[in-house]
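Chemist: everything below, folded, please.
(2 chains)
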Amino acid sequence: MLLHGLDFSLPEGSLTWLQGGNGTGKTSLLRCLCGLGEAEAGDIFWQGEPVARDPVRFHQELLYLGHKPGLKSELSIAENLGFFRRLRGLPVIDPEPVLEQLGLARYAGQYVGSLSAGQQRKVMLARLLLEPARLWILDEPLVALDHESRDWLAATMMAFREEGGIILYTSHQPLDQVRPDQQIAIQEATP
Amino acid sequence: MRLAALLRREIAIAGRNKAAILIPLVFFVLVTSLFPFAVSPDADQLALLAPGVIWVAALLATLLSLEHFYQGDYLDGSLEQLLLTTGSPALLALAKSIGHWLLTGLPLVLVAPMLGLLLHLPLDAQVAMVLTLLLGTPALCLIGAIGMCLTLGINRNGILVSLLILPLYIPVLIFGSSGVQAASLGLPYDGQLALLAAIFILALVLAPVAAGHALKISTS
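Modeler: So this is what the prediction gives:
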């Protein structure tokens, strides 16, 4: 068993930092919460209802950004971002204002495959402002980001929290400007 | 709407990566066109072999193209994003199967009459060949999706996929080639077409659900 005895809630307008060493199960926990993994026991609730009862509604309100960017290298930045909006049943909008904030506006028409790992990471983060959601689950969002992008992410997370959004993120480093509302630490069991 | 968005994506990706469409098609044409050199240029002999040759080549070309349509999405993480955003693994599997057929199965059906001519297949048998391929190749794509989705997390899964799905491909191969054979002998082939249609409908209903479950298992 990887994790046990977990019981926590994520209040509206809150930011939760999930901490733990390598291999302690942070990613597995996040994937279980999203529905990508299955827990052997226990329930996950969203707004008082078990997620299993209406997973589609939960997924409409969730934005999960994992270790892999989930972008297609054969498509341009704008096409990738437009596709995710279309898949959520939303009209495609011009991503340029968001890409401008991330310093990617001039690459909007460029194939994702030609971008660096850090730039791909930024494209992934642009989804935070392009796809409306109430819950952000972010797995190591700081990886491969430069200072400016970290500041942008911190400001974006704080603004989302102000609007009542819920954020759960994992990171080995603290986000300098952001003070989490709660911290959950996963500890390795002693043999 | 989601299905349309997924299909648009598949077509856009394949449009940029033409090898995905061309490799199975070139394989199909090469394998079929080499037979007259290897066996005999005799028209009667070729016409006798043609149904089996074309159907085996179509089956192997479909198998060859399977990996490209699923493995890339798994490796770059877009598969888990698609699972979360669509909320329906079965819908995702169906969209990928339709995209797979449109981009690799349909071109085989369109090229097949040319290869039929090369192998001296009579006109009636050519019509039967197109009809059987039209019903059989989508069934091959749908069935193949189950095996591919089950083995996504395994490196070099090509042989395992073949072992898993080839037994399920056999009925399609038998009814497909025997339908063309019957037509080339001037016999009715409605029975074979009906059986292929039944397999296709069964695959259309059941395969996306099975492949969807397999996708969830592979990504968890």
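Chemist: tally of neighbours for residue 188?
Modeler: Chain wasn't specified; assuming chain A. Other residues within reach of residue A:188, judged by other Cβ atoms under 10 Å in any protein chain shown, total 10. Yep, even glycine has a C-beta here, placed from its N, CA and C like the rest.
Chemist: that answer is for a different chain, and I need it for chain B
Modeler: The tally of other residues near residue B:188 (other Cβ under 10 Å) stands at 11.
Chemist: ok, residue A:109 next?
Modeler: 9.
Chemist: so it, which state does it fall into?
Modeler: Under DSSP: H, G, I helix; E, B strand; the rest coil, residue A:109 falls in the coil class.
Chemist: phi and psi next, for it.
Modeler: With angles defined as degrees, to the nearest 10, residue A:109 sits at phi -90, psi 0.
Chemist: same question, the one 5 residues further on
Modeler: Torsion angles at residue A:114 (phi, psi; degrees, to the nearest 10) stand at phi -90, psi 0.
Chemist: kindly provide the distance from it to residue B:122.
Modeler: In this view, residue A:114 and residue B:122 are 52 Å apart by Cβ to Cβ, to the nearest Å.
Chemist: any low-confidence regions in chain A?
Modeler: For chain A, applying pLDDT under 70 flags the ranges A:1-2, A:189-191.
Chemist: neighbour-wise, which of residue A:114 and residue B:122 wins?
Modeler: When neighbours are counted by other Cβ under 10 Å, residue A:114 and residue B:122 differ, and residue B:122 comes out ahead with 15 against 11.
Chemist: phi first, then psi, for the more buried one.
Modeler: The phi/psi pair for residue B:122 (degrees, to the nearest 10) is phi -60, psi 160.
Chemist: would you list every one of the helices in chain A?
Modeler: Assigned by DSSP state H, chain A shows helices spanning A:26-34, A:55-60, A:77-87, A:96-101, A:117-130, A:147-162.
Chemist: buried ones in the fourth one?
Modeler: Going back to what we said before, that points to helix A:96-101. Of the residues in helix A:96-101, A:98, A:99, A:101 count as buried by neighbour count, 16 or more other Cβ atoms under 10 Å in any protein chain shown.
Chemist: of those residues, just say which sits nearest to residue B:159.
Modeler: Among the buried residues of helix A:96-101, residue A:99 lies closest to residue B:159 (Cβ to Cβ), at 43.2 Å.
Chemist: want to throw the helices of chain A into JSON lines with distance to residue B:192?
Modeler: As requested, these are exported to JSON lines (distance: least, Cβ to Cβ, whole Å):
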{"stretch": "helix A:26-34", "distance to residue B:192": "46"}
{"stretch": "helix A:55-60", "distance to residue B:192": "41"}
{"stretch": "helix A:77-87", "distance to residue B:192": "39"}
{"stretch": "helix A:96-101", "distance to residue B:192": "55"}
{"stretch": "helix A:117-130", "distance to residue B:192": "49"}
{"stretch": "helix A:147-162", "distance to residue B:192": "60"}
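Chemist: filter the buried residues of helix A:96-101 by proximity to chain B?
Modeler: Among the buried residues of helix A:96-101, proximity to chain B is found for none (Cβ under 8 Å from any Cβ of the partner chain).
Chemist: for chain A, what is the nearest residue in chain B?
Modeler: residue B:77 (2.5 Å; Cβ to the nearest Cβ).
Chemist: and the helix or strand containing residue B:54, average pLDDT?
Modeler: Using DSSP states H and E, the element containing residue B:54 is helix B:43-75. Averaging pLDDT along helix B:43-75 gives 91.
Chemist: following it, which helix or strand comes up?
Modeler: helix B:78-86.
Chemist: need the residues that contact that next one.
Modeler: Contacts to helix B:78-86, defined as Cβ atoms under 8 Å, 6 or more residues apart in numbering or on different chains, come from residues A:34-36, A:59, A:62, A:64, A:66, A:68, A:70-72, A:84, A:87-88, B:2, B:6, B:70, B:72-73, B:89, B:92, B:152, B:215-216, B:219.
Chemist: quick check: the residue of chain A nearest chain B.
Modeler: Evaluated by Cβ to the nearest Cβ, chain A has residue A:68 as its residue closest to chain B, separated by 2.5 Å.
Chemist: contact residues of chain B facing chain A?
Modeler: B:1-2, B:5-6, B:8-9, B:12-13, B:16-17, B:72, B:76-78, B:80-88, B:219-220.
Chemist: just the buried residues of these.
Modeler: For the residues of chain B next to chain A, a burial check counting by 16+ other Cβ under 10 Å picks out B:2, B:5-6, B:8-9, B:12-13, B:72, B:76-78, B:80-88, B:219.
Chemist: go ahead and confirm residue B:105 touches residue B:140.
Modeler: Yes. Between residue B:105 and residue B:140 there is a contact at 7.1 Å, judged by Cβ atoms under 8 Å.
Chemist: great, nothing more from me.
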